[in-house]
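> Quick one: sequence and predicted model below, then my questions.
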Amino acid sequence: MINSVKLFFNFGRYFILIRRAFAKPEKVSIYIDRIFEEIYILGVGSLGIVAIISVFMGAVITLQSAFNFESPLIPYYAIGVAVRDSMILEFSPAIVSLILAGKVGSSIASEIGTMRVTEQIDALEIMGINSAGYLIFPKIIASVLFNPILIVFSMFLGIAGGYFFGALAGVVSPHQYVYGITYDFRPFNVFYALIKSGVFAFIIASVPAYHGYFTKGGALEVGRSSTKGVVYSSVLILAFDLILTQLLLA
Amino acid sequence: MIQINNISKSFSGREVLKNISFTFEAGKTNMIIGESGSGKTTLLKCMVGLNEIDSGEVLFDGRDFYTLDFKGKKEIRKEIGMLFQGGALFDSKTVEENVVFPISMFTDLSVSEKRDRANFCLQRVNLDNANNLYPSELSGGMKKRVAIARAIAVQPKYLFCDEPNSGLDPKTSIVIDNLIKEITDEYKITTVVITHDMNSVIEIGDNIIFIYKGEKWWEGNKLEILKTENKEVHDFVYATKFMRELRNKF
């Protein structure tokens, strides 16, 4: 009973905070600058980790598919099909978003949480600035704008990783792999992945921001908020992955 | 002028402020003193709207803060400068950026005009050649000075200082006290200082309020506080051996 009351309390408080974050900005030019700043910090700063994970994911899917498709009835180009569909439908949007929830989410929660416990958020409020708008809105917009770019980048690198390691390990020829990734290609799958990445981006930025914003106490509580932000955003990503898959693909 | 009428505040059923009323005049340094846990900081937070009050009125030149809508409150907050106990400087911004920040948010000055205003404020607090330093590179006294410079950057009508001397050596404390006093006199600001430092009270206090167990216990000026026969105030003022010896001497 207490837990469900707490859940509703947090739910309500989250939506009130998001509404405040989307209130009219004090000065539009400053908010635009902040969005570009956040795109650089949250988006561009994540390119390296996304690239590494994507290349290795593509490579591993290629090798595992080759291992499982040992039957002479399955053509070699099926490896290319498997890598393409796995990367586009699930690995790039969902797994990369989960990784970003850890990297970006913990950074957002700890940044805002530290600002809360060191009274920097109070200082913004005293100046007459909507702290939720100034701190959270640019992060959400930056994340929603840049996450789809990161996901498309991940798709390309994953498929490229599969191509490179497949050829290197000798499990599939480049010609068959390329034939596979173009075979029966459905552009809607990319659209589906982009919708998912947009929703996940909103979760990645807003849920940790919520936990950071309402941090009370000191350094220990900032750490706890950061952990909570990552855990809750990861769970929500998985839940929305299921919901969106049912809605868009079923 | 700031007028407080019958304000009360409770936390989880525990009454922290009990029916407090007083008036602070413009151009004066008004001190709120009391033991730790007496409710001073809560009172200050209620005055600036960081804590909601349960009942009563907080009037800024006749405008009741708590009856105003979000926009009205924001307008009053633009007239408030606040010096937080820890400085509350923005970690990610340099000294100059910290001071420029409220100017950028609320004025349409050009970049060079904003920089000129920030430099003027920094020079006013005797802080030269620190423009490009980050808060983590500053001493406690320097942080307080930057916080004062930021607070006066947009020429506030009301200045609130929460324990401006905490963590500072006696010499730096006097520098900060005198700076607050000078700025109050120069700009005819209504200044409110929360402190339990009797040196500050004697140094700059024009009007003094003593808070005891959440109630306004005593009010007077610095000469009256030294001669008061109110037991609680007397015990507070003469708590140190130095003050007792001073009293015996004169």
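Yep, that arrived. All figures in this text were calculated on a predicted structure; none of them were measured in a lab.
> Close to chain B: what parts of chain A are there?
A:26-27, A:30, A:114-115, A:118-120, A:122-123, A:125-130 (C-beta under 8 Å from any C-beta of the partner chain). Yep, even glycine has a C-beta here, placed from its N, CA and C like the rest.
> who's in contact with the residue in chain A positioned nearest to chain B?
Closest approach between chain A and chain B, counting by C-beta to the nearest C-beta: A:Gly128, at 3.6 Å. Shown in contact with A:Gly128 (C-beta atoms under 8 Å, 6 or more residues apart in numbering or on different chains): A:26, B:74-78, B:80, B:106.
> Of the residues of chain A next to chain B, keep whichever come out buried.
Among the residues of chain A next to chain B, the ones that count as buried by 16 or more other C-beta atoms under 10 Å in any protein chain shown are A:26, A:30, A:114-115, A:118-120, A:122-123, A:125-130.
> Just give me the closest of these to A:Val190.
A:Ile30 (34.8 Å; C-beta to C-beta).
> What is the helix or strand hosting that closest one packed up against?
Here A:Ile30 sits within helix A:28-38, counting by DSSP states H and E. For helix A:28-38, the packing partners by 3 or more C-beta pairs under 8 Å, 6 or more residues apart in numbering or on different chains; DSSP states H and E come out as helix A:131-135, helix A:137-169.
> which parts of chain B sit against chain A?
Residues of chain B that fall close to chain A, judged by C-beta under 8 Å from any C-beta: B:48-50, B:74-78, B:80, B:82, B:84-86, B:88-91, B:101-102, B:104-106, B:154, B:160.
> Would you mind writing the ChimeraX command to select the buried ones in those?
In ChimeraX, a selection of the buried entries from those looks like this (16+ other C-beta under 10 Å):
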select /B:48,49,50,74,76,77,78,80,82,84,85,86,88,89,90,101,102,104,105,106,154,160
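> The residues of chain B next to chain A in strands, which ones?
Counting by DSSP state E, the residues of chain B next to chain A place B:80, B:82, B:160 in strands.
> ok, what's across the strand from the first one?
Same thing as B:Ile80. B:Tyr158 (DSSP bridges).
> Can you give me the distance of it to A:Pro72?
79 Å (C-beta to C-beta, to the nearest Å).
> Just want the most central residue of the chain.
You didn't pick a chain, so chain A it is. A:Ser97 (2.7 Å; C-alpha atoms, centre = their mean).
> wait, I meant chain B there
Nearest to the geometric centre of chain B sits B:Cys161, at 1.7 Å (C-alpha atoms, centre = their mean).
> Name the residue of chain B that lies nearest to chain A.
Closest point on chain B to chain A, by C-beta to the nearest C-beta, is B:Arg77, at 3.6 Å.
> how near is the nearest residue to that residue once chain neighbours are set aside to B:Lys9?
Of all residues not flanking B:Arg77 in the chain, A:Gly128 sits nearest, at 3.6 Å (C-beta to C-beta, 6 or more residues apart in numbering or on different chains). For A:Gly128, the distance to B:Lys9 equals 22 Å [C-beta to C-beta].
> Next: A:Gly162.
Remark: distance between A:Gly162 and B:Lys9 (C-beta to C-beta) = 63 Å.
> what's near enough to touch the residue nearest to the centre of chain B?
B:82-83, B:180, B:191-195 are the contacts of B:Cys161 under C-beta under 8 Å, 6+ apart.
> before we move on, what about A:Tyr134?
So A:Tyr134 contacts A:25-26, A:31, A:34, A:124 (C-beta under 8 Å, 6+ apart).
> Against which helices or strands is the helix or strand harbouring A:Leu100 packed?
Using DSSP H and E, A:Leu100 falls within helix A:96-117. Applying 3+ C-beta pairs under 8 Å, 6+ apart, we find helix A:96-117 packed against helix A:47-68, helix A:120-126, helix A:137-169, helix A:187-213, helix A:219-249.
> Now with 10 Å, please.
Of the remaining helices and strands, those touching helix A:96-117 by 3 or more C-beta pairs under 10 Å, 6 or more residues apart in numbering or on different chains; DSSP states H and E are helix A:47-68, helix A:120-126, helix A:131-135, helix A:137-169, helix A:187-213, helix A:219-249.
> could the ones you listed go into TSV alongside mean pLDDT?
Compiled in TSV, those are given as follows (pLDDT from 0 to 100):
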stretch	mean pLDDT
helix A:47-68	94
helix A:120-126	93
helix A:131-135	95
helix A:137-169	95
helix A:187-213	96
helix A:219-249	95
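> can you put these in TSV and add distance to B:Val201?
Converted to TSV, those look like this (distance: least, C-beta to C-beta, whole Å):
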stretch	distance to B:Val201
helix A:47-68	55
helix A:120-126	24
helix A:131-135	33
helix A:137-169	43
helix A:187-213	36
helix A:219-249	33
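> Which one, of those, ends up nearest to B:Val175?
Closest among these, using C-beta to C-beta: helix A:120-126, at 21.9 Å.
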